[in-house]
Every structure is written in C-alpha cells, then in structure tokens.
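[1] Sequence and computational prediction follow.
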Amino acid sequence: EAQVTQNPRYLITVTGKKLTVTCSQNMNHEYMSWYRQDPGLGLRQIYYSMNVEVTDKGDVPEGYKVSRKEKRNFPLILESPSPNQTSLYFCASSSLTGSVRSNQPQHFGDGTRLSIL
Amino acid sequence: AQSVTQLDSHVSVSEGTPVLLRCNYSSSYSPSLFWYVQHPNKGLQLLLKYTSAATLVKGINGFEAEFKKSETSFHLTKPSAHMSDAAEYFCVLGGGSNFGNEKLTFGTGTRLTIIP
C-alpha cells in the first residue's frame, strides 16, 4: 500500500531536549516536504526536498533542520525545541515526473502532534 | 504573491442538502488548484484537482469544483451531504505550469459540520 509514515504520532517533551520526527514514503517520490498546522493558519511549509541531498527552506524554517540522505526518508529535527513549536506536523511526498509537475498531488502522512512544555 | 482565501471557517448543513465551500485565489500565473479533506487524526487526502484541462472538475465521494477565472474562484460543491463528509477542507494553490509543488499555498481551512 502506498503510504507516508510518520513517527511518533504523539510526543510530549520539554524545552531544549532534541527530538527527531521520522518520515518515510514507499512510492519512490522525489519530492518530500514538512508542514506545520496551527489553528486558523492552515498548513505552513517548513522545509522541502526535491531529491536526495537537495533541501530548501519553506515559509517557517526557523528552529528546524532536515536531511535527505536517502530518497525514502526525510526526518525533521528540532535541535532545541521551544513551546512555540507545539503544533501538528505533517510530512508529504509527491512525484516530480510528468510534463507538468505541479499537477502531481501530494500524499500526506497521518500527522505528528508535538507538545513542548 | 499568490494567496488563497477560504471565505468560511465553518459551514453547517443538514444531511441530504447541498454543500458549498468557497475558495478564492490570487495568482500571477495560470494556477493549479486542489481541494483536500482532513478527517480527525488523519492526514490530508486529495479530493480533486484543476490543472487547466477542464473548468468543471469531478472528484471523489461526489464532490466537484468549478474553476472560474473571471471570479478567481474555485468553489467546492456536493449535491447531497452525507454524515461522513464532516471534516476540514483545504483549498490549495499550486505553482502553475512553471513551478512544482514547492510553491503550494494552503487556505486556512473550512470545517464542515453535518446536522442529522
């Protein structure tokens, strides 16, 4: 089954304690992205990756890091989490092949709810 | 700059009545537009997409949307609401033919409630 898998689904932690949220997709997609969802703000992009070893900032990258060492994995790293990073996080992937790549819809994971105390 | 405005944060309809979720966009190029649905504790699922082939787009679960360039709108409709339609809906603006998914812009969402 084609899917995007995020772990953990829920995490409560404390300020300053480094954490990593993993994301894996089994569709051989080139493009992967991280979003955060906050009430009234919709989804905002944190980082994205067009392929292995190619990453770029989205709209709200401050306080986050990513890496793309393998095509299927795109972990999100919070080196020193703070309470304002409490949010619902989504990983997504899509294919960049095809004549009009913007036609390719993104496939989303089920989300990771982070609470930073 | 491109933007998406979902005109209603909450919509309530009775089961069996029509659904209308409104979306306006602003874009300097010919856009791609998507509607996604999010059920509780789930990720976003694609309902339908507009990519300039046809202005009336049919999606899953009986939903459809009409692209109106003159009104810069992409409203989502369904003739008859079902209890399972209760969810949050997002209108999403893509990058158009010259850009890829890295240029997605999300609306703030519309929560749809179905009254039994």
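    In hand now; what should we look at? Bear in mind that the values here come from a model prediction, so they are computed numbers and not experimental data.
[2] how close does the nearest residue to residue B:45 once chain neighbours are set aside sit to residue B:48?
    Counting by Cβ to Cβ, 6 or more residues apart in numbering or on different chains, residue B:37 is the residue found nearest to residue B:45 once chain neighbours are left out, at 5.3 Å. Glycine gets a C-beta too; all of them are placed from N, C-alpha and C. Using Cβ to Cβ, to the nearest Å, one gets 10 Å for the distance from residue B:37 to residue B:48.
[3] Can you confirm whether the helix or strand of chain B with the lowest mean pLDDT lies near chain A?
    For chain B, the helix or strand with the lowest mean confidence is strand B:105-106, at a mean of 88 (criterion: mean pLDDT, DSSP states H and E). Yes - against chain A, strand B:105-106 shows contacts by Cβ under 8 Å from any Cβ of the partner chain at residue B:106.
[4] After that strand, which helix or strand is next?
    Stepping forward along the backbone from strand B:105-106, the first helix or strand reached (DSSP states H and E) is strand B:110-115.
[5] in that next one, what's buried?
    B:110, B:112, B:114 (16 or more other Cβ atoms under 10 Å in any protein chain shown).
[6] How far does stretch A:64-84 stretch from one end to the other?
    Looking at stretch A:64-84, the gap from its leading to its trailing residue is 12 Å under the measure Cα to Cα, to the nearest Å.
[7] Where is the longest strand in chain A?
    Longest among the strand segments of chain A by residue count, using DSSP state E, is strand A:42-51.
[8] and it, which strands flank it?
    Here the strand partners of strand A:42-51, with direction, are listed using DSSP bridges: strand A:31-38 (antiparallel), strand A:54-57 (antiparallel).
[9] Please identify the deepest-packed of those strands.
    For the strands paired with strand A:42-51, the largest average neighbour count (mean count of other Cβ atoms under 10 Å in any protein chain shown) is found in strand A:31-38, namely a mean of 23.
[10] re earlier: got the contact list for the longest strand of chain A?
    For strand A:42-51, contacts defined as Cβ atoms under 8 Å, 6 or more residues apart in numbering or on different chains pick out A:30-38, A:55-61, A:64, A:66, A:68, A:71, A:74, A:76, A:89-90, A:96, B:44, B:90, B:100-102, B:104, B:106-109.
[11] That strand: which residues count as buried?
    Judged by neighbour count (16+ other Cβ under 10 Å), strand A:42-51 contains these buried residues: A:42, A:43, A:44, A:45, A:46, A:47, A:48, A:49, A:50.
[12] coming back round to it: let's have the strands paired with strand A:42-51 in TSV, adding mean pLDDT.
    Written out in TSV, the entries for the strands paired with strand A:42-51 read as follows (pLDDT from 0 to 100):
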stretch	mean pLDDT
strand A:31-38	93
strand A:54-57	91
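[13] Could you dump these into a markdown table and include distance to residue B:83?
    Below are the strands paired with strand A:42-51 laid out as a markdown table (distance: least, Cβ to Cβ, whole Å):
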| stretch | distance to residue B:83 |
| --- | --- |
| strand A:31-38 | 24 |
| strand A:54-57 | 41 |
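[14] I'd like to know which of those strands lies nearest to residue B:5.
    Smallest distance to residue B:5 across these (Cβ to Cβ): 17.5 Å, for strand A:31-38.
[15] distance between that closest one and the chain's centre?
    If you compare the mean C-alpha spot of strand A:31-38 with that of the full chain, they lie 4 Å apart, counting by Cα atoms, centre = their mean, to the nearest Å.
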